[in-house]
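K.L.:
Show me how the following folds:
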Amino acid sequence: MDFSAWNNFAIYLQIFLYFLRLYVEGHVCPRCFCCANGSDCRETDGLCYGNCMQGYFGSFCNQHCGYNCLECDKYSGCTLCKEGHHGDTCDLCKEGYYPMGKECLKCPGNCITCLSFEKCHSCMDGMFGNSCQYNCSACINGDCDVKSPSCQCHLKFSGTLCDTCSSGFYGDKCENNCSFGCLNTCDSKTGECLCNQHFSGKKCDECASGYFGISCGSKCLKSCATCLESNTCTTCLPGRYGDACQMSCSFGCVNNTCTADGMCACKQNFTGENCDTCISGHYGLSCNLSCSAYCINCSSLQECHSCETGFFVKNGTCLKVNVPDAKPLSEEGHSVNVIVICSLVAIFVISIIVGLTFFCVKQRGKIYLHPAGPPRGIKIDDIISIYNISSDVGKSSEIEFHQDDGYSTLDKKHLDSK
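P.N.:
This is a model prediction of the structure:
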């Protein structure tokens with residue numbers, strides 16, 4: 001086997017691959033390699049006497065015409081480029097086209113110039129946007145700039161169409177500031193946000209439970225849920241009430257909850273505005289224990305303080321009023337004894353009133369005189385004149401006197417009425 005022939009072949013193959021790589025990567029032809037006819041090349045410097053291979057130009061045929069060249073002259077280079085290309089080697093894109101690899105592609109419809117299909121550099125009049133897809137009439141809260149091309153937003157507005165609020169603002173017209181308590185910015189429509197420490201609420205515009213102040217950095221009193229100042233609570237923790245939440249709700253309050261003045265809905269067997277009293281017939285911390293029979297107020301089974309009608313307290317229990325041991329007006333006496341005494345007093349008073357009334361009626365028509373005794377022979381006209389007796393009494397010819405208890409009384413008798 002002739003190994004020398006194989007060695008020569010290998011050498012030529014390596015040289016061919018080397019020049020092929022140079023052709024593909026750098027478009028540079030080695031000396032005389034790109035001449036149309038290898039025999040028309042000057043070996044000393046590679047000058048081509050004839051034409052160049054297709055796709056190359058220059059005196060030495062070592063310059064590439066370009067991938068996008070349709071016609072190429074040996075001396076002047078490319079004379080006709082593909083659509084959208086220009087330049088000596090057709091490697092530049094015309095206005096309205098953008099490069100994509102080795103090709104120049106057309107920009108979107110309303111673009112004048114672009115960097116890519118999604119990024120226009122300038123738009124036709126009346127248009128704006130990354131692809132010049134928006135009409136300037138959509139730029140309500142800004143100024144339309146076709147050269148940018150963008151909607152230059154007014155203060156507080158942002159977005160491609162200036163239809164959203166800038167960071168820190170919200171509302172239909174972006175007129176509201178996001179709360180100081182927002183961690184970052186807030187929702188441009190609702191103002192809701194994530195809260196900083198010690199803030200709460202959907203908009204983070206309230207202090208978290210137990211804190212107050214502009215920055216919600218000051219702590220409320222221990223019993224306060226919310227407060228305006230360190231000693232002025234607005235709401236209390238469950239089970240507390242008062243200006244400083246210093247008081248506890250009654251044990252009888254449902255769910256251990258009461259109003260600012262301690263009033264609440266009562267648990268079973270409790271009563272009163274503050275539910276701090278057992279209903280009639282019950283006692284104990286939970287008012288779940290029943291008093292003894294007929295007792296309506298007690299502190300234990302052996303300590304009854306008041307009984308039902310018809311019973312009285314004796315030795316801490318309720319007994320009927322008619323039992324022998326019942327003593328009127330005693331410490332354990334029932335109200336019946338009081339009723340009897342009151343009745344006797346009433347009878348006594350009525351008797352006095354009746355007696356006085358009878359006495360007054362009996363004394364009507366008498367005139368009391370001095371104890372020295374009644375005068376004799378006094379005429380009725382004199383009596384009428386002296387004692388100013390009304391003239392309708394009539395005239396009497398004689399007056400009769402009587403002695404009662406040392407006083408003289410004058411009875412008027414009509415003896416000769418005419």
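K.L.:
All the helices of the stretch 151-300 of the chain, in order from the start?
P.N.:
In the stretch 151-300 of the chain, no helices are defined using DSSP state H, counting those that start in this stretch.
K.L.:
Got the domain ranges for the chain?
P.N.:
Domain assignment for the chain by automatic domain parsing gives 21-93, 106-219, 229-290, 291-349, 366-411.
K.L.:
CSV for these, including distance to residue 357, mean neighbour count and mean pLDDT?
P.N.:
Yep, even glycine has a C-beta here, placed from its N, CA and C like the rest. Output for these, formatted as CSV (distance: least, C-beta to C-beta, whole Å; neighbours: other C-beta atoms under 10 Å; pLDDT from 0 to 100):
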stretch, distance to residue 357, mean neighbour count, mean pLDDT
domain 21-93, 136, 17, 83
domain 106-219, 79, 17, 90
domain 229-290, 47, 17, 89
domain 291-349, 13, 14, 75
domain 366-411, 17, 12, 47
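K.L.:
Please tabulate these in JSON lines and include distance to residue 358 as additional columns.
P.N.:
Below are those laid out as JSON lines (distance: least, C-beta to C-beta, whole Å):
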{"stretch": "domain 21-93", "distance to residue 358": "141"}
{"stretch": "domain 106-219", "distance to residue 358": "83"}
{"stretch": "domain 229-290", "distance to residue 358": "50"}
{"stretch": "domain 291-349", "distance to residue 358": "15"}
{"stretch": "domain 366-411", "distance to residue 358": "15"}
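K.L.:
Can you get me the start-to-end distance on stretch 216-228?
P.N.:
In stretch 216-228, first residue to last residue: 10 Å (C-alpha to C-alpha, to the nearest Å).
K.L.:
what about stretch 270-289, distance to the chain center?
P.N.:
36 Å (C-alpha atoms, centre = their mean, to the nearest Å).
K.L.:
Between the two ends of that stretch, how far is it?
P.N.:
12 Å.
K.L.:
neighbouring contacts of that stretch?
P.N.:
With contact meaning C-beta atoms under 8 Å, 6 or more residues apart in numbering, stretch 270-289 is reached by 250-253, 258, 262-269, 290-291, 295-301.
K.L.:
Swap in 10 Å and give it another go.
P.N.:
For stretch 270-289, the surrounding residues in contact (C-beta atoms under 10 Å, 6 or more residues apart in numbering) are 241, 247, 249-254, 258-259, 261-269, 290-301, 303-306, 308.
K.L.:
Now tell me what touches stretch 109-123 from outside.
P.N.:
93-100, 105-108, 124-136, 144-150.
K.L.:
Over to stretch 293-300?
P.N.:
Identification of contacts with stretch 293-300 by C-beta under 10 Å, 6+ apart yields 277-284, 289-292, 301, 303-313, 316-320.
K.L.:
Among the domains of the chain, which comes closest to residue 9?
P.N.:
Closest approach to residue 9 among the domains of the chain (C-beta to C-beta): domain 21-93, 18.7 Å.
K.L.:
ok, and what's touching stretch 179-194?
P.N.:
By C-beta under 10 Å, 6+ apart, stretch 179-194 touches 157-159, 163-172, 174, 176-178, 195-208, 214-216.
K.L.:
in the stretch 1-150 of the chain, which spans are helices?
P.N.:
Going by DSSP H, counting those that start in this stretch, the stretch 1-150 of the chain shows helices at 3-26.
K.L.:
Just want to check the distance between residue 305 and residue 315.
P.N.:
13 Å (C-beta to C-beta, to the nearest Å).
K.L.:
circling back to that earlier point, among the contacts of stretch 109-123, which ones are in strands?
P.N.:
Those of these mapping onto strands are 93, 97-100, 105-106, 127-128, 134-135, 144-145, 150, per DSSP state E.
K.L.:
would you turn these into TSV with distance to residue 189?
P.N.:
Below are those laid out as TSV (distance: C-beta to C-beta, whole Å):
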residue	distance to residue 189
93	42
97	41
98	37
99	41
100	39
105	39
106	39
127	28
128	24
134	21
135	24
144	24
145	27
150	23
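K.L.:
Of the residues you listed, which is the nearest to residue 84?
P.N.:
residue 97 (3.8 Å).
K.L.:
Does the closest one touch residue 108 like I think?
P.N.:
No - taking contacts as C-beta atoms under 10 Å, residue 97 lies outside contact range of residue 108: 11.3 Å.
K.L.:
Which stretches in the stretch 251-400 of the chain count as strands?
P.N.:
270-271, 277-278, 282-283, 289-290, 295-300, 303-307, 311-314, 317-320, 366-369, 400-404 (DSSP state E, counting those that start in this stretch).
K.L.:
Redo those strands as TSV? Include distance to residue 113.
P.N.:
As requested, the strands of the stretch 251-400 of the chain are exported to TSV (distance: least, C-beta to C-beta, whole Å):
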stretch	distance to residue 113
strand 270-271	85
strand 277-278	89
strand 282-283	93
strand 289-290	94
strand 295-300	98
strand 303-307	102
strand 311-314	108
strand 317-320	108
strand 366-369	141
strand 400-404	145
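K.L.:
Out of those strands, which gets nearest to residue 60?
P.N.:
strand 270-271 (113.7 Å).
K.L.:
Kind regards, and thank you for your time.
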